[in-house]
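Asker: fold the following and give me the result.
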Amino acid sequence: MSIPRFRLLAVIAAVAFFAAACGSSGAPASYDEQLTEYGDEEVSLVEKNYREACESANDDISDVADYCKCSFGKFRDNVPFAVFDRFDQAIEDERDNIATFDDLQALYQNAVNESSEEIGNAEVETDLAELIAFPCTPS
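Answerer: Predicted coordinates:
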């Protein structure tokens, strides 16, 4: 799949920002921990950090706030947190080696595979493109 380079970088920034921002207050163990304010909403720290990074990296698209909220919802609804967390760490570790969407998809698939014991029979979306598609359609 071909995703414009800027959109690829936006995904990397949005997911990878999670680790940097959450590290100082203790890494969450789920999508719903550490509630905080974001605009007029109360959201988890993971969601706030994802949406802030996503909005900053995608400020050239219309309705960026809706897109970022929707794409985070797709992760939350379709990807167990253990996979999201491993994916985030893989992006941090491999940031300089990610040049294409296929590179990013491979990191994501590895995160899914490495989380198989933790997630058991939980359903997980394995196509990263479905999670970050633009425009975003809520799951």
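
Asker: could you use CA atoms for every contact and neighbour count after this?
Answerer: Noted.

Asker: which parts of the protein are strands?
Answerer: 35-38, 41-44 (DSSP state E).

Asker: could I get these in a markdown table, plus columns for distance to residue 28 and mean neighbour count?
Answerer: Shown next, in a markdown table, are these (distance: least, CA to CA, whole Å; neighbours: other CA atoms under 10 Å):
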| stretch | distance to residue 28 | mean neighbour count |
| --- | --- | --- |
| strand 35-38 | 11 | 14 |
| strand 41-44 | 9 | 15 |
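
Asker: can you put the ones you listed in a markdown table and add mean pLDDT?
Answerer: Compiled in a markdown table, the strands of the chain are given as follows (pLDDT from 0 to 100):
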| stretch | mean pLDDT |
| --- | --- |
| strand 35-38 | 93 |
| strand 41-44 | 95 |
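
Asker: this protein: helices as residue ranges?
Answerer: With DSSP state H as the definition, the chain shows helices at residue ranges 5-22, 45-57, 64-78, 81-94, 101-114, 116-119, 128-132.

Asker: low-confidence bits of this protein, can you list those?
Answerer: For the chain, the stretches with pLDDT under 70 are 1-25.

Asker: hmm, what's the outermost residue in it?
Answerer: If you look at how far each residue of the chain sits from its centre, by CA atoms, centre = their mean, the farthest one is residue 40, at 21.8 Å.

Asker: any idea how far residue 32 is from the nearest residue to residue 127 once chain neighbours are set aside?
Answerer: Of all residues not flanking residue 127 in the chain, residue 105 sits nearest, at 7.4 Å (CA to CA, 6 or more residues apart in numbering). Separation of residue 105 from residue 32 (CA to CA, to the nearest Å): 25 Å.

Asker: out of the two, which sits in the busier spot?
Answerer: residue 105 (18 against 14; other CA atoms under 10 Å).
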